[in-house]
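In: structure of the sequence below:
(2 chains)
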Protein chains: 2
Amino acid sequence: MPRPITFWFEFASTYSYLSAMRIDAEAEARGVEVIWNPFLLGPIFKAQGWDTSPFSIYPEKGENMWRDMQRRAEKYGIPFNRSAERLFPQNSVLAARAAIACLHEDWGRDFCRGVFRAAFTEGRDISDADTIADCIETAGGLPQIHMKMAYSNTQKAALRANVETARSRGIYGAPSFIVDDELFWGDDRLEDALEWAIRV
Amino acid sequence: MPRPITFWFEFASTYSYLSAMRIDAEAEARGVEVIWNPFLLGPIFKAQGWDTSPFSIYPEKGENMWRDMQRRAEKYGIPFNRSAERLFPQNSVLAARAAIACLHEDWGRDFCRGVFRAAFTEGRDISDADTIADCIETAGGLPQIHMKMAYSNTQKAALRANVETARSRGIYGAPSFIVDDELFWGDDRLEDALEWAIRV
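Out: So this is what the prediction gives:
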């Protein structure tokens, strides 16, 4: 019996975008259930002594990541616009809080994919409330209801709890996948994680 | 016409070990020529402000790397012994100098794979001259000749030049693969790099 996979993602993370576009189809093909869990890397990076993304701190690493993203996106047939580099890394707090609210709805994952697309194909600022409201509407939600939820203490507390859980599970980057007690890091480990989930 | 791929590896690097065991067969299956280039990550890490491997600096990252290595080695059918963690990261200067000398010989790649196996399956100290001499002998070389070469100024200079070339090509980790002007980082990008080499 396949075990569920928990998908830990960060809206500012380039490779989380690739996984967000791939995971549901790859999981469905294997009969694996996916649980989507947004979190924030900022507090985790801060605990490692970084005040921004390592891709910004180490220029060679960053340069190669953007090139690798172009190549990988092409390989997977996922649209990607390198001009997203201009706003990288984005402040994803509002998007993550909204996602926690929206993921209770049928269209929650469409909302998440819409936010990633806004960031990585349209170069939009996802810390802007208008962007998030547009993504809610496009996904099928009601901005006046779901934006209010995004700003509520419930989602703030839930996001804080997610970050705390991520840290306690040993997560140090995004995307990460957890199956049973196994932690897999990186979009390039998505298939490994899914194979683990169906391993007997 | 496939272009050659340059394989940049570091004997202290766990994922370089996986690539060293995989690359020749994967390249041959695609008709791609491989050039093996040992280098040292130490000077490159130092320039990034690290005095050791990031897997040692960031414990969560390190813990997951060792677990991931076990899983990946199992997937590829490559022997791996996590007790190698005890000596990690090893001083690989002597091994790299010896490799530069040995790679002129038919058995040079066997020597390199032997050093990786000594480090990652037998837990041997590869900074120890006896280990390197054993690896030379097992691969088919003459320790009394090739050890002398390893200590010569020629190999010292060649290794320094390799590190300088690696840095100038934007290499910041190991293994790395270069095809044309494309840089691929990580054992998990080996297939991408080889596909690039046969791309028309």
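In: only C-alpha atoms for contact and neighbour calcs from this point on.
Out: Fine.
In: what residues does chain A put near chain B?
Out: Contacts of chain A with chain B, taken as CA under 8 Å from any CA of the partner chain, map to A:48, A:58, A:60-61, A:64, A:68, A:170-172, A:183-185, A:188.
In: restricted to buried residues, select those residues in ChimeraX.
Out: Remark: buried members of the residues of chain A next to chain B, expressed as a ChimeraX selection using 16 or more other CA atoms under 10 Å in any protein chain shown:
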select /A:60,61,64,68,171,172,183,184,185,188
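In: I'd like the residues of chain A next to chain B as TSV, with pLDDT appended.
Out: TSV is the format used below for these (pLDDT from 0 to 100):
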residue	pLDDT
A:48	85
A:58	91
A:60	93
A:61	94
A:64	97
A:68	98
A:170	95
A:171	97
A:172	95
A:183	98
A:184	98
A:185	98
A:188	98
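In: of the residues of chain A next to chain B, which belong to helices?
Out: Taking DSSP state H as the definition of helices, the residues of chain A next to chain B contribute A:60-61, A:64, A:68.
In: with distance to residue A:18 added, can I get the residues of chain A next to chain B in CSV?
Out: Below are the residues of chain A next to chain B laid out as CSV (distance: CA to CA, whole Å):
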residue, distance to residue A:18
A:48, 25
A:58, 22
A:60, 21
A:61, 18
A:64, 16
A:68, 12
A:170, 22
A:171, 18
A:172, 18
A:183, 18
A:184, 15
A:185, 13
A:188, 9
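In: nearest to residue B:13 among the residues of chain A next to chain B?
Out: residue A:61 (17.1 Å; CA to CA).
In: quick one, helices of chain A?
Out: Counting by DSSP H, the helices of chain A are A:14-29, A:42-47, A:54-57, A:59-76, A:93-102, A:108-120, A:129-139, A:143-150, A:153-168, A:190-198.
In: can I get those in JSON lines including distance to residue B:124?
Out: Below are the helices of chain A laid out as JSON lines (distance: least, CA to CA, whole Å):
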{"stretch": "helix A:14-29", "distance to residue B:124": "36"}
{"stretch": "helix A:42-47", "distance to residue B:124": "34"}
{"stretch": "helix A:54-57", "distance to residue B:124": "33"}
{"stretch": "helix A:59-76", "distance to residue B:124": "31"}
{"stretch": "helix A:93-102", "distance to residue B:124": "47"}
{"stretch": "helix A:108-120", "distance to residue B:124": "46"}
{"stretch": "helix A:129-139", "distance to residue B:124": "55"}
{"stretch": "helix A:143-150", "distance to residue B:124": "55"}
{"stretch": "helix A:153-168", "distance to residue B:124": "34"}
{"stretch": "helix A:190-198", "distance to residue B:124": "30"}
